[in-house]
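structure for this input, please:
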Amino acid sequence: TKPILSRNFINDNFRFLFVTQNLPNNDEKQIFGFYFNEIALVEDSVPFSVQELKSDSRRRFLQRNRETLPETEEKAAVQMLCYWGSPVRDGLGLTPRDGVKHGKCGIKSICPKSPVQDISAGRTSIRFIQDGKVSVLRQSDGGELKQLDLKKVRIRSMVSRADYAVLLDYEGKVLTMMKKSICRPLKGLESKQVIQIACGDQHSMALTNDGQLFVWGDNSHGQLGLGKILPNTSSPEHLLSGIPAAQISAGGGHSFVLSLSGAVFGWGKNSAGQLGLGDTQGGSGQLGHNSLKYEHHPRLVAELWGAKVSQISCGRQHTLVATTKKIYSFGQLENGEITSVPSLVDLPLESSQYTIDKVIAGENNSFVLLCKESALKSRLKPRGIVTLEERMIERWVSGKDAWKIKKREIYKVFSSAASLNGSFLKTSGDAHYQTSEEDCGLDFDRIRKSFARLSVNENAISEATKGALQSLNSNPACPEALRLYLLIPELIRGLHAPQTELIKALASKILQLWPAEYKVLENYWSKLPDSSLQNLVDVFKKVSAEMIGKITATMLNSDKITDLNNFLSILQMLYQVCCRVNRAITKTDFIIHEVNYLLLVLQTTNDDMNNNWMMLNLSGHIEAVQKQRTYYYAILYGLLLYPCIFNLEAKCSYMKSRLWRDSFSLILRRTALTEDCFSQLRTANPEDLSQCFLSVFYTEDMKQTSVNNKDFFYNVFKELCAPESQLLKYNDNETIGWFPTTVQKNIHSFSNCTVVNLPFPLAMFKKLLNIRPSLEDLMELDSALGRSLQYILDYSDDVEELDMYFTITWNGALVELDPSMPGKRVTNSNRKNFVDKYVDHIFNASVEEVFEEFKRGFFSACHTHLVKMFEPEEMRGLLVGNEEYDWDMLKKNTKYETAFYPEHPTIVYFWEVFDELTPDVKKAFLLFLTGFERVPVLGMSAVKMLVTLRPCSTEDHLPESHTCYSRLLLPEYRTKETLRAKLFEAISHNRGFWEE
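Reported below is the predicted structural model:
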């Protein structure tokens with residue numbers, strides 16, 4: 001009967017084509033499975049090995065089905081084997097001697113009669129695997145190829161060194177073979193499922209299916225990668241956590257690992273340049289690092305980064321590397337030449353018709369197996385580490401398999417950093433080979449869909465979370481190992497309940513990264529899809545907000561505070577990334593409003609301390625309230641490190657609620673206000689300036705009031721900033737000045753939260769925060785010059801037509817913007833550099849000395865952490881205010897007390913008169929009420945006027961104000977005309993300074 005095709009599929013080990021066949025003289029149906037271009041009888045879905053079928057049975061089966069089976073082992077895959085190195089028998093015993101072709105550089109090639117599955121070359125022998133059988137070509141056997149008797153063991157791969165070999169069977173068991181071809185199981189890895197093995201002269205390596213790399217043996221040259229402390233170890237030691245390894249290889253005294261995305265790591269002996277590090281000190285360069293010094297820790301071969309490396313193999317003192325179409329070699333070559341930088345191997349011209357199947361570096365030989373593309377597809381692929389795939393998740397969320405089995409699988413995958421880092425790679429072409437410090441190589445669409453599917457099953461997502469906690473125990477060794485930090489937030493997105501422990505572990509591990517590693521992670525963050533970046537922000541914002549919300553209800557212990565600081569540190573990092581790359585995520589996405597509530601509770605506590613001191617003291621509660629207040633201040637002080645979580649209202653609230661150590665007094669003569677001020681500031685203790693509240697006294701009456709402070713700032717800055725003072729260089733319309741030449745003139749204005757009209761551009765506030773000013777800032781200072789420079793950048797023709805040079809005139813002096821090339825011409829290629837240097841000179845180079853003095857004085861009186869709370873725009877708004885007057889808002893926010901209420905005749909008269917005032921007079925009233933004539937940074941809504949009856953007053957008295965509280969003390973006027981006259985007199989009254 002003709003065979004019937006029943007199924008074709010691929011699993012982790014084999015490619016199968018199942019055929020159902022009624023055999024002669026047998027009522028039962030038998031199933032034949034085709035794999036690796038071979039046929040094996042399958043019973044109960046368990047394949048027999050090829051050698052277990054009698055040759056005559058196989059021959060009869062093939063003969064009987066010649067016409068019905070399109071391709072069997074009778075037609076072997078077309079294969080080419082290239083080899084070079086130490087002298088060996090021509091044809092290697094695989095083909096007749098006359099079948100050997102001789103190419104360039106001593107490279108020979110043959111086409112074996114039977115396909116070669118693997119090769120391993122030791123010092124005196126070469127071993128081949130064909131049809132799962134091992135044959136050996138030994139010098140002592142006269143160059144004859146002899147098959148080893150391994151009974152029924154099918155060998156998957158092997159490596160040879162010196163007089164022994166290490167073999168791996170199809171069940172994942174590791175065997176060692178000594179001189180007499182006796183195989184023994186290797187102890188120490190019995191519980192591990194090994195998928196790859198490698199051995200050097202005196203050291204060995206093993207890779208398990210969950211991505212763990214184990215090394216053991218001699219470490220005298222650093223070949224174990226464990227550092228210099230451990231000379232050797234007989235038990236397997238874990239190495240390179242988190243690297244999704246695709247292949248491992250060991251040379252005489254050196255080792256290599258190839259990752260799934262083509263990153264190559266080498267370590268150990270480098271006497272022949274076999275590490276490929278590109279250095280020529282002290283050896284031969286087999287590590288490929290352009291270095292000949294030994295490497296005791298794994299080191300990335302930078303010369304191969306991005307080369308799409310698919311295979312790597314180590315010889316005794318040389319290394320082979322295969323990319324998609326090319327092979328590189330480094331170390332001591334067969335002609336004795338030493339190269340420490342990967343060099344291209346010149347394969348025969350015929351090899352261009354083949355695809356590279358496998359590269360093998362022997363003791364002193366090199367081999368390359370090449371196959372036709374069609375035959376290569378049917379070859380047994382090397383087993384790789386387990387990675388997370390959609391079909392796997394689909395099976396976990398279904399009810400088909402027992403939960404016990406699925407639970408074990410889920411935990412195994414998610415607890416392996418290597419497995420996760422090798423999952424969800426871009427599959428479009430060779431996209432994942434482009435993984436670098438700029439590209440993580442992950443497919444985020446697949447990640448989101450897969451984790452969303454996984455979250456359907458609550459048990460599955462819960463078990464995945466437990467595993468992910470364990471995966472974070474690794475330390476990243478290359479960019480590929482950082483994928484884990486991008487995957488776990490996506491997993492958290494699908495959780496049914498908050499998983500603080502997982503977020504805590506993630507934050508802790510991120511903060512333990514080295515600066516170079518963190519820089520790479522930042523690059524990855526900056527290029528995340530918007531939804532993934534928003535999710536990452538939300539993860540840390542949500543858990544932080546929850547903890548801050550608990551502060552007023554309970555005292556957090558030190559561990560909780562550490563966790564909170566870690567969460568907020570990550571949030572601040574993400575904020576800086578978003579600001580730098582101008583992502584769609586806004587600053588408001590980072591604000592935690594629970595901070596405002598904490599500040600409100602603090603303000604209430606302060607009010608209790610100030611207003612109910614006596615009662616609290618008598619009741620014995622004063623110590624508890626003081627302790628609570630101290631706790632709140634300590635927490636808030638720590639939160640200042642993360643200004644992204646504060647909105648502007650919270651920042652201003654903290655500035656006002658600070659506790660001052662004491663007051664710093666300025667005793668001034670009204671007729672020498674500026675002179676006395678700077679004289680006393682120059683001799684002041686910097687600690688007093690930064691920690692004390694400024695109090696102003698006048699020698700005429702020595703009476704200190706809040707009015708004195710605000711009037712002082714208003715008048716002294718009015719004098720200093722006047723154009724006639726010549727302390728500032730103003731623009732043409734005298735609205736913006738650059739640059740102050742005195743040091744300490746706006747310090748205490750900031751510390752004491754006073755609004756004054758400082759005519760500085762935004763660039764000055766940027767410089768205080770170490771942000772470089774831009775061309776846009778120059779537009780504000782000198783709009784004509786700014787537009788001219790922008791015109792140069794936008795000029796569509798040849799800029800040389802404008803006949804411009806890197807020589808400018810600034811402050812009346814000629815300046816060479818490029819001192820190394822005086823008279824340098826501006827061209828299309830350097831015009832951006834010209835504009836950048838022009839802007840830099842104006843804002844930085846030309847004022848470097850005076851600005852540093854100004855900055856030193858500024859920060860001697862303002863703590864850095866307070867200043868850095870604010871964005872440049874916010875700091876300018878806090879100091880300078882704005883002119884966005886909203887008088888309706890002032891009326892809406894006004895409160896009344898004592899005898900007054902909104903419908904009181906005097907109040908009605910007041911608002912009628914106020915509405916009739918000119919804009920300038922209204923500003924004068926604002927100055928009278930608050931001490932500043934510009935609108936505070938929070939807007940008119942922050943001005944909350946309280947109107948109260950002036951005590952013991954008559955209609956002859958003028959209105960008064962308490963600027964500290966925006967309180968208006970108004971006598972009870974019976975007529976509108978009287979109120980208008982008295983109000984005008986009050987706001988026009990000389991406020992007591994030196995003016996006559």
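
who's in contact with stretch 92-101?
81, 83, 89-91, 108-114, 116, 126, 128, 135, 137, 143-145, 348, 350 (CB atoms under 8 Å, 6 or more residues apart in numbering). Where C-beta positions appear, they are placed from N, C-alpha and C, glycine not excepted.

the residues you listed in strands, which ones?
Leu81, Tyr83, Lys108, Ser109, Ile110, Ile126, Phe128, Ser135, Leu137, Leu145 (DSSP state E).

hey, what's the first one bridged with?
Residues in a beta bridge with Leu81, per DSSP bridges, are Ile110, Leu369.

surely it is in contact with Ile107?
No - between Leu81 and Ile107 there is no contact under CB atoms under 8 Å: 11.0 Å.

these two: which has the busier surroundings?
Using other CB atoms under 10 Å as the criterion, Leu81 and Ile107 rank with Leu81 on top: 24 against 20.

tell me the contacts of Lys587?
Tyr575, Cys579, Cys644.

now do it against Ser526, distance only.
Per CB to CB, to the nearest Å, Lys587 is found 16 Å from Ser526.

quick one on the thing from earlier: can you redo the contacts of Lys587 as JSON lines with distance to Gln196?
Putting the contacts of Lys587 into JSON lines (distance: CB to CB, whole Å) gives the following:
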{"residue": "Tyr575", "distance to Gln196": "43"}
{"residue": "Cys579", "distance to Gln196": "45"}
{"residue": "Cys644", "distance to Gln196": "46"}
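
inside helices: which ones of the residues you listed?
Among the contacts of Lys587, DSSP state H puts Tyr575, Cys579 in helices.

excluding residues flanking it in the chain, which one is nearest the spatially most central residue of the chain?
Centre of the chain computed as the mean C-alpha position; nearest residue by CA atoms, centre = their mean is Leu521, 2.1 Å away. Once flanking residues are discounted, Leu521 sits nearest to Leu482: 5.3 Å by CB to CB, 6 or more residues apart in numbering.

CA atoms only: put stretch 936-956 into CSV for me.
Provided in CSV are the C-alpha atoms of stretch 936-956 (Å, rounded to 0.1, in the frame of the first residue of the first chain):
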residue,chain,number,x,y,z
PRO,A,936,2.7,85.7,41.7
VAL,A,937,3.8,82.7,39.8
LEU,A,938,0.6,80.8,40.7
GLY,A,939,-1.5,83.5,39.2
MET,A,940,-4.1,85.8,40.8
SER,A,941,-5.8,82.8,42.4
ALA,A,942,-2.9,82.9,44.9
VAL,A,943,-3.8,86.4,46.0
LYS,A,944,-6.4,85.9,48.7
MET,A,945,-7.4,89.3,50.1
LEU,A,946,-8.9,89.4,53.5
VAL,A,947,-10.9,92.6,54.2
THR,A,948,-11.4,93.4,57.9
LEU,A,949,-12.6,96.5,59.8
ARG,A,950,-9.7,98.7,61.0
PRO,A,951,-9.8,98.8,64.8
CYS,A,952,-10.7,102.1,66.5
SER,A,953,-10.9,103.9,63.2
THR,A,954,-13.0,106.7,61.9
GLU,A,955,-13.7,108.0,58.4
ASP,A,956,-10.6,110.2,58.8
